[in-house]
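Participant: Everything below, folded, please.
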Amino acid sequence: MSEYFHSVRLTPERCKGCVNCIKRCPTEAIRIRGGKAKITEARCIDCGECIRRCANRAKTAVTDSLDDLKDYKYNVALPAPALYSQFSADVPANVVLCALMHLGFDEVFEVALGAEIVSDATVEYLKRRDAKKPAISSACPAVVRLVQVKFPELIDNLIPLEAPVEVAARLVRSTRCRELGIAPEDIGVWFITPCPAKMTAFKQPLGAEKSSVTGAIGISQIYGELLKAVAVVPRDANCQRATARGVGWALSGGETSAAAAGNSMVIDEIHNVSEVLEQVALGKIKVDFIEALACSGGCIGGPLTVENRFVAEHRMHQRLAKMRAEDEAHGAAPAKYHPDSSLTEYDRTIEPRPIMRLDEDIFKAMYKVEQMEKTLNKLPGLDCGSCGSPNCKALAEDIVQGEAVETDCIFKLRERVRDLAQEMVGLAAKLPPSLEEREEN
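Facilitator: Next comes the predicted model:
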């Protein structure tokens, strides 16, 4: 099996061995072994849920930094629409964008422009007769990876369109190479990201051999410097081109609204997504389009943002209301649909990564399933997590795979200790009389 790159990393010395992360991981990718958390890379989808839940900050997201800009002749910032929600609606979007230039970027290109293009491409895709329904948005990389590892039977339902950030990167990289005469490898294209899953998506692209995005810089990482820059940027600075249609993608439901998708369903928060996809896999959901987002509230709730999710949502609604009024007043039009399919469509098929594969050999796998069921029947079924596995079923799987033993369960351990104690008492009763007792008699 090939090695995986993951943005989400564990700092063992900070881990206290609590079970908060294992109880919340949507793919059961974490175990507590030897008093420390252990992440199973093949299961991890980089959703960042463990980062949110870890009170000891033992889980972090590895991203790039502004220092990496010096390795390139020309640097472009791709700000996520969610970035606007980190600022009051009184701070114009163009000021936020121009402030990025003060941090060392040569140009700012809005991901919202890519979102406008993808919105139109989605409209066209949903019209196709061969589009498998319900069509599931592939904009959130954590959701795509969730489908890969947990619902591989739904891979054909994923819309084969690149995420807006990838479309924006392809567009700006090819355009600047041609206009400025700079080699592609000399242009750094950096996503200002609200989530770790994007970083992983650039290192291991889902629908292409190579991403056009150079790297990702977390919003939380540059927010302090950005605040200082916002204070000095002229209010009439002109950096903005995207409309409310693209910027609205930051919120849950923004993609559905932009694509005007009827008979659709919007889901956010990774556990909700997992539960609904389970119903989709069972054929219980009859809709044409599903917008699924790993973070609560959409990208504004990403683990690499700084503002409270509800505050950010309120601010974004205020900003969008202003933008829609301005768009209408100035006759601003969204980016037009790009007929070149190479800009928006996948270059390759997404492959499944099933996590419940007990063995490559089908006969061994069937035997392990049988052993797993027998082991599960012996366990208490409390799903307490004190064994270091997220639930009893996961512990049974770990035991069958040789990664745990039955006495890792504290209830089974207590039974074992009780049985041993009774056995010792029984053996003591069978001891021959001592020499002292014989002499007295």
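
Participant: contacts, neighbours, all on C-alpha from now
Facilitator: Fine.

Participant: and residue 31, that one's in a strand?
Facilitator: Yes: inclusion of residue 31 in a strand is indicated when DSSP: H, G, I helix; E, B strand; the rest coil is applied.

Participant: just checking, it touches residue 44?
Facilitator: No: contact criterion CA atoms under 8 Å: residue 31 and residue 44 do not qualify, at 11.8 Å.

Participant: Could you look up the SS state of residue 37?
Facilitator: When classified by three-state DSSP, residue 37 comes out as strand.

Participant: ok, and the closest non-adjacent residue to residue 158?
Facilitator: residue 136 (4.7 Å; CA to CA, 6 or more residues apart in numbering).

Participant: Would you mind listing where the stretch 251-400 of the chain has pLDDT under the threshold?
Facilitator: Within the stretch 251-400 of the chain, the segments meeting pLDDT under 70 span 335-341, 355-356.

Participant: ok, which stretches of it are helices?
Facilitator: Shown for the stretch 251-400 of the chain, the helices assigned by DSSP state H, counting those that start in this stretch span residues 254-259, 270-281, 309-330, 341-344, 362-378, 392-400.

Participant: Format those as TSV; extra columns: mean neighbour count.
Facilitator: Below are the helices of the stretch 251-400 of the chain laid out as TSV (neighbours: other CA atoms under 10 Å):
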stretch	mean neighbour count
helix 254-259	21
helix 270-281	18
helix 309-330	16
helix 341-344	17
helix 362-378	15
helix 392-400	21
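
Participant: Adding distance to residue 420, write those out as TSV.
Facilitator: TSV is the format used below for these (distance: least, CA to CA, whole Å):
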stretch	distance to residue 420
helix 254-259	61
helix 270-281	42
helix 309-330	53
helix 341-344	66
helix 362-378	18
helix 392-400	22
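
Participant: can you tell me which of those comes nearest to residue 176?
Facilitator: Closest to residue 176 of those is helix 341-344 (CA to CA; 15.2 Å).

Participant: Report all helices and strands that the closest one contacts.
Facilitator: Applying 3 or more CA pairs under 8 Å, 6 or more residues apart in numbering; DSSP states H and E, we find helix 341-344 packed against helix 164-180.

Participant: Next secondary structure after the helix it packs on?
Facilitator: Where DSSP states H and E defines the elements, the next helix or strand beyond helix 164-180 is strand 187-193.

Participant: Do me a favour and average the pLDDT over that next one.
Facilitator: Here strand 187-193 scores 97 as its mean pLDDT.

Participant: Measure how far that strand is from the centre of its chain, please.
Facilitator: Using CA atoms, centre = their mean, to the nearest Å, the mean C-alpha position of strand 187-193 is found 18 Å from that of the whole chain.

Participant: could you give the angle of that strand to helix 164-180?
Facilitator: Per axes from the mean of the first three to the mean of the last three CA atoms, to 10 degrees, the angle that strand 187-193 makes with helix 164-180 is 150 degrees.

Participant: for the following helix or strand past strand 187-193, packing partners?
Facilitator: Scanning forward in sequence from strand 187-193 by DSSP H and E, the next helix or strand is helix 196-203. Under the contact definition 3+ CA pairs under 8 Å, 6+ apart, helix 196-203 sits against helix 141-150, strand 215-218.

Participant: could you give the angle of helix 196-203 to strand 187-193?
Facilitator: Using the same axes, to 10 degrees: helix 196-203 against strand 187-193 is 160 degrees.

Participant: Pull the residues that contact helix 196-203.
Facilitator: With CA atoms under 8 Å, 6 or more residues apart in numbering as the test, helix 196-203 has contacts from 5-8, 45-48, 61-63, 141-142, 210-216, 218, 303-304.

Participant: let's see it at 6 Å
Facilitator: Contact with helix 196-203 is made by 6, 7, 46, 47, 61, 142, 211, 216, as judged by CA atoms under 6 Å, 6 or more residues apart in numbering.

Participant: Stretch 325-337 now?
Facilitator: 116, 117, 120, 243.

Participant: check which helix or strand covers the third one.
Facilitator: Yep, that's residue 120 we're talking about. Element membership for residue 120, per DSSP H and E: helix 111-127.

Participant: Show me what the mean pLDDT comes to for that helix.
Facilitator: Mean pLDDT, taken over the full extent of helix 111-127, equals 94.

Participant: just checking, next helix/strand downstream of it?
Facilitator: Going down the chain from helix 111-127, the next helix or strand is strand 135-136, by DSSP H and E.

Participant: mind checking how far the most centrally placed residue in the chain is from residue 11?
Facilitator: Centroid-nearest residue in the chain: residue 47, 2.5 Å away (criterion: CA atoms, centre = their mean). Distance from residue 47 to residue 11, counting by CA to CA, to the nearest Å: 17 Å.

Participant: same thing with residue 257?
Facilitator: Residue 257 sits 40 Å away from residue 11, going by CA to CA.

Participant: hang on, residue 99 packs against residue 231?
Facilitator: No: with contacts counted by CA atoms under 6 Å, residue 99 stays clear of residue 231, the gap being 8.6 Å.

Participant: Those two: who's more crowded?
Facilitator: Counted by other CA atoms under 10 Å, residue 99 and residue 231 do not tie: residue 99 has more neighbours, with 25 against 13.

Participant: contacting residues around the more buried one?
Facilitator: By CA under 6 Å, 6+ apart, the neighbours of residue 99 are 229, 230.

Participant: State the pLDDT value of it.
Facilitator: For residue 99, pLDDT reads 94.

Participant: Spell out which helix or strand contains it, please.
Facilitator: Using DSSP H and E, residue 99 falls in helix 93-101.

Participant: what are the pairing partners of the helix or strand just after that helix, and which direction each?
Facilitator: Counting by DSSP H and E, the next helix or strand C-terminal to helix 93-101 is strand 107-108. The strands that strand 107-108 pairs with in its sheet are strand 74-79 (parallel) (by DSSP bridges).

Participant: What are the contacting residues of the strand it pairs with?
Facilitator: The contact list for strand 74-79 (CA under 6 Å, 6+ apart) reads 105-111, 187-192.

Participant: Now which of those would you call buried?
Facilitator: Applying 16 or more other CA atoms under 10 Å to these, the neighbour count classes 105, 107, 108, 109, 110, 111, 187, 188, 189, 190, 191, 192 as buried.

Participant: so can I have TSV of these showing distance to residue 275?
Facilitator: Shown next, in TSV, are the buried ones among the contacts of strand 74-79 (distance: CA to CA, whole Å):
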residue	distance to residue 275
105	41
107	41
108	38
109	36
110	33
111	29
187	41
188	39
189	36
190	33
191	30
192	30
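
Participant: Done for today, thanks.
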